[in-house]
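[1] Provide a 3D model corresponding to the input given below.
(one chain, ligands or ions: 1)
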Amino acid sequence: MTAKRKILLVYTGGTIGMIQDPQTGALSPFKFERLKESIPDLDNLDVDISAYSFPHLIDSSDMGPERWNEIGNVIRNNYKRYSGFVVLHGTDTMAFTASALSFMLENLDKPVILTGSQLPVGVLRSDGKANLVNSIEMAAAVDEQGRAKVREVCVCFGDSLYRGNRITKYSAESFTAFHSPNFPALAKAGVHVKWSDKLNRIHAKSTQEGFRLQSELEHRIFIFKLYPGCPFCLESSFFSRFRGVVLETYGSGNAPSCREFEQWIKLMKKLHIPVLNVTQCAEGSVEMGKYAASTLLQDCDVVDGRDMTTEAAVAKMMYVLGKGLSYTQSCKMLARPLRGEMTEHRAL
Ligand code: ASP
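    Residues are numbered from 1 along each chain as shown. Take a look at the predicted model:
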């Protein structure tokens, strides 16, 4: 008989464990014990479940690099003891956290699955129970060799398991709150769980090096979303506060051709601030050089973010710039797929 899989639930807060304040009507987090009481069926799963609850449960609007490190440390400190980890998290910033963890947890060889819900678990119609049970079952699933089926950072929501750094929160209403616009789901939970062969195909190099947590993150990142007529701040004192810019461009990576923009992009290069180009479109990829409107970007070392989401781009910049590499090395690393966050080869 094979030993039961051991899963650690890491509870950070979010709607899944919230309760309504009778006075104000606002939702705020409550203790993990109450969450477990609301899902007695957890005891019926053929999995050994333990839980770690954050001392301060939060709405995920308060997530950030410090909290990502707290989650990362819990995983690192318990890595050998558990077969997998399920992180309960608010949906609002789940795409950022999943992206950040996908980079920070280097050489990951076990499942780390984030989940949450749109309605608190204590509410009759809640999606929380199905999301949690699916996450635990997927984290506990093994292949024919007895290895964990999932060995990357994922998000389980609705009936789907997604690559964590490919998703974006799409709906504040629907039970399928997330979209993975440029990458298929890694598993679908119906009567049976159907797994995709794209699962775990993320590592540029093999995982022979041991698991480690990179805790250094550079948080001084600016997201610059272009819009017709936007002014370009040419004061280097403003931008020198930042260490990287995620530039949300039009369509397949296009930007204005005006002199002010040219000056701005040249200023970024002069200040050695890497600029990462992602598209404002919900779907599709940057293709720098396709239109004349993106050749300037190419000439000024702007990094092609291909089909990365903004969430993944921000997290990747925090991670790469946290390594303290030179400007040129950072740009090179940003351009490479590191954890399956962008499509490797594009059909032109
Ligand atoms: N505001 C909540 C949070 O992100 C929303 C949710 O969990 O769905 O913590």
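[2] can you name the residue of the stretch 101-250 of the chain nearest to the ligand?
    The nearest approach of the stretch 101-250 of the chain to the ligand comes at residue 116, 4.9 Å away (Cβ to the nearest ligand atom). From N, CA and C alone the C-beta is placed, and that goes for glycine too.
[3] list the contacts of the residue nearest the centre of the chain.
    What sits nearest the mean C-alpha location of the chain, by Cα atoms, centre = their mean, is residue 99, with 2.2 Å. Listed by Cβ atoms under 8 Å, 6 or more residues apart in numbering, the contact partners of residue 99 are 164, 165, 309, 311, 312, 314, 315, 316, 341.
[4] what's the most distant pair in those?
    For those, the farthest-apart pair by Cβ to Cβ is 164 and 314; their separation is 13.7 Å.
[5] quick check: the residue nearest to the centre of the chain vs residue 68, distance?
    Residue 99 is 10 Å from residue 68, where distance means Cβ to Cβ, to the nearest Å.
[6] what do you get for residue 55?
    Distance, residue 55 to residue 68, by Cβ to Cβ: 16 Å.
[7] between these two, which is the more surrounded one?
    Legend: neighbour count by other Cβ atoms under 10 Å for residue 55 and residue 68, higher for residue 68 (22 against 5).
[8] now do the end-to-end distance for stretch 235-246.
    18 Å (Cα to Cα, to the nearest Å).
[9] oh, and call the first residue 857 from now on, that's how I've got it
    With 857 as the first residue, the last one maps to stretch 1091-1102.
[10] mind listing what's buried in that stretch?
    Residues of stretch 1091-1102 classed as buried: 1095, 1098, 1099, 1100, 1101, 1102 (neighbour count, 16 or more other Cβ atoms under 10 Å).
[11] these also near the ligand: which ones?
    The overlap between the buried residues of stretch 1091-1102 and the neighbours of the ligand (Cβ under 6 Å from any ligand atom) is empty.
[12] want to throw those into TSV with secondary structure?
    As requested, the buried residues of stretch 1091-1102 are exported to TSV (DSSP: H, G, I helix; E, B strand; the rest coil):
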residue	secondary structure
1095	helix
1098	coil
1099	coil
1100	strand
1101	strand
1102	strand
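[13] would you list those in a markdown table and tack on pLDDT?
    Converted to a markdown table, the buried residues of stretch 1091-1102 look like this (pLDDT from 0 to 100):
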| residue | pLDDT |
| --- | --- |
| 1095 | 84 |
| 1098 | 94 |
| 1099 | 97 |
| 1100 | 97 |
| 1101 | 97 |
| 1102 | 98 |
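[14] ok, the residues you listed vs residue 1182, which is closest?
    Nearest to residue 1182 among the buried residues of stretch 1091-1102, with distances taken as Cβ to Cβ, is residue 1099, at 12.7 Å.
[15] hang on, the closest one packs against residue 1129?
    Yes: taking contacts as Cβ atoms under 8 Å, residue 1099 lies within contact range of residue 1129: 6.6 Å.
[16] hmm, stretch 915-925 touching the ligand?
    Yes: contact of stretch 915-925 with the ligand (Cβ under 6 Å from any ligand atom) involves 915, 916, 917.
[17] any idea of the mean pLDDT in that stretch?
    Average pLDDT, stretch 915-925: 97.
[18] start and end of that stretch, how far apart?
    Stretch 915-925 has an end-to-end distance of 17 Å (Cα to Cα).
[19] the longest strand in this structure is where?
    Longest among the strand segments of the chain by residue count, using DSSP state E, is strand 903-914.
[20] continuing past that strand, what's the next helix or strand?
    Helices and strands here follow DSSP states H and E; after strand 903-914, the next one along the chain is helix 921-934.
[21] list the buried residues in that following helix.
    For helix 921-934, a neighbour-count test (16+ other Cβ under 10 Å) marks 921, 923, 924, 925, 927, 928, 930, 931, 932 as buried.
[22] stretch 955-969 too?
    955-962, 964, 966-969.
[23] is residue 862 in a helix, a strand, or coil?
    strand.
[24] so it sits against residue 937, correct?
    Yes: with contact defined as Cβ under 8 Å, residue 862 reaches residue 937; the gap is 6.9 Å.
[25] between the two, point out the one with more neighbours.
    residue 862 (15 against 9).
[26] that one bridge partners, please.
    Beta bridges link residue 862 to residue 904 when assigned by DSSP bridges.
[27] so what's the backbone phi/psi at whichever residue of the chain sits closest to the ligand?
    In the chain, the residue that lies nearest the ligand is residue 946 (2.0 Å; Cβ to the nearest ligand atom). Torsion angles at residue 946 (phi, psi; degrees, to the nearest 10) stand at phi -60, psi 150.
[28] what's the burial count for it?
    24.
[29] so how far is residue 955 from residue 1105?
    Per Cβ to Cβ, residue 1105 is found 19 Å from residue 955.
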